[in-house]
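Asks: here is my input, please return the structure:
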Amino acid sequence: MDDIAWSAGTWSNPPVAVATSEDGIRVSAAEGSDAWRLTSYGFVHDTEHALLAPFTNGTAMEVTFRLDLAEQFDQAGIFVSVDEATWIKAGVERSDGEDCLGAVVTRGFSDWSLSPAPEWHGRLVTIRASRSDDALTVRARVEDEPWRLVRVAPLDERAVVTAGPMCCAPSRPGFEVHFTAWQTGPADGSLHAD
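Replies: Residues are numbered from 1 along each chain as shown. Take a look at the predicted model:
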């Protein structure tokens, strides 16, 4: 995998503060920031903080961060964007008092899936999005443990797509995420291990 420079991305919505150092980038999210479209809640939120760079077909992108969530709906991970109504966010979100690995896939309307991952708290988490033909495959792992499949979602192979690190703080001020790596490389060779 090759590093992507933090300066290579453009923010979808500027965060409250950004500090870059040798060990990564620290991002402070605005209170009320989130990404969601309609389903169940009836509202549209498009105030996520996503640092986006081009994401071409046949490549993968990885985002690594220190998992330090504390309040309801704190979230960090990767954001994959086609347009305002077509996007995917995947990562870890604090839901009902527990850290959960999950994804929101939005094609006009959002859907949401979660899986508890309380043992990941305080550790380095990597979210990997792999773009191949008409699909986006999302995997995740903590430190050097095996990859876990999170989601396979449709993604138009002709679409112009951007992606990168993302964080949101729907319910509070003062949430900061320490991203330690942003990398790109070849797409996964197969959906399933041989």
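Asks: all contacts plus neighbour counts: C-alpha atoms, from now on.
Replies: Fine.
Asks: what sits against the residue nearest the centre of the chain?
Replies: The chain has I78 as the residue nearest its centroid, 1.8 Å off, counting by Cα atoms, centre = their mean. Going by Cα atoms under 8 Å, 6 or more residues apart in numbering, I78 touches 50, 62-63, 89-91, 127-129, 163-166.
Asks: so of those residues, which ones are in strands?
Replies: 50, 62-63, 89-91, 127-129, 163-166 (DSSP state E).
Asks: export these to CSV and tack on neighbour count and pLDDT?
Replies: Listed next are the ones in strands among the contacts of I78 as CSV, based on neighbours: other Cα atoms under 10 Å; pLDDT from 0 to 100:
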residue, neighbour count, pLDDT
A50, 27, 98
E62, 26, 98
V63, 26, 98
K89, 29, 98
A90, 29, 98
G91, 30, 98
I127, 26, 98
R128, 29, 98
A129, 31, 98
A163, 26, 98
G164, 28, 98
P165, 31, 98
M166, 27, 98
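Asks: how far away is A85 from W36?
Replies: Going from A85 to W36 by Cα to Cα, to the nearest Å gives 9 Å.
Asks: now swap in F73 and tell me
Replies: In terms of Cα to Cα, F73 sits 12 Å off from W36.
Asks: circling back to that earlier point, among the ones in strands among the contacts of I78, which one sits closest to R107?
Replies: R107 has its nearest neighbour among those in K89, at 11.9 Å by Cα to Cα.
Asks: isn't the closest one right up against V82?
Replies: No - in this structure, K89 is not within contact of V82 by Cα atoms under 8 Å, at 11.6 Å.
Asks: residues contacting V104?
Replies: So V104 contacts 88-90, 110-113 (Cα under 8 Å, 6+ apart).
Asks: identify the residue spatially nearest to the residue nearest to the centre of the chain, adjacent ones excluded.
Replies: P165 (4.7 Å; Cα to Cα, 6 or more residues apart in numbering).
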